[in-house]
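> Sequence and predicted model, in that order:
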Amino acid sequence: MGHTIFSKIIKREIPADIVYESELLLAFKDIKPKAPVHILIIPKAEIPKVTDIRGFEHAGLLGEMFDAANKIAKDFGIAKDGFRLVFNCGNNGGQEVNHLHMHLLGGRQMTWPPG
Ligand code: 5GP
């Protein structure tokens, strides 16, 4: 398994502004926020990307990622006005860190299509 910067954050080897933690997940502020609220929600397990997800095996984990996103959105006061959840996958998807992560973006009007 290739370790990434996110593995180091999970192991507390490098700092991050952590906003949520459970047995399976960690969520922290993105270091280069693209919106007033920009949180990364990651599994502690080293799943590199969306194409490594197995629906049956990871169903509970994925459900918990969405529950965490809803909770964090509420905590940050962006649930009512709406927000965006993004998974980038691979080169063309613009994925830079090969550890599965859900972006939670909010606090401003999003535009479509994304770049
Ligand atoms: P991706 O492009 O892979 O979907 O998103 C990776 C995200 O991780 C980027 O938005 C980037 O700003 C963020 N990021 C990269 N390195 C770090 C880091 O060391 N700490 C934090 N908090 N975010 C990071």
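It's in. Numbering: from 1, shown residues only.

> What is the neighbour count of the closest residue in space to Ile39 that isn't next to it in sequence?
Among residues not flanking Ile39 along the chain, Leu104 sits closest, at 4.4 Å (C-beta to C-beta, 6 or more residues apart in numbering). For the C-beta atoms, the positions are set from N, CA and C on the backbone; glycine is no exception. Neighbour count for Leu104, taken as other C-beta atoms under 10 Å: 26.

> surely Leu104 meets Asp75?
No. Using C-beta atoms under 8 Å as the test, Leu104 is too far from Asp75 to be in contact (10.7 Å).

> Surely the residue nearest to Ile39 is in a helix?
No. Applying DSSP: H, G, I helix; E, B strand; the rest coil, one finds Leu104 to be strand, outside a helix.

> pLDDT weak spots in this structure?
Applying pLDDT under 70 to the chain flags the ranges 1-2.

> Get me the contact residues on it for the ligand.
Applying C-beta under 6 Å from any ligand atom, we find that the chain lies next to the ligand at 5, 16, 28-32, 40, 88, 94-97.
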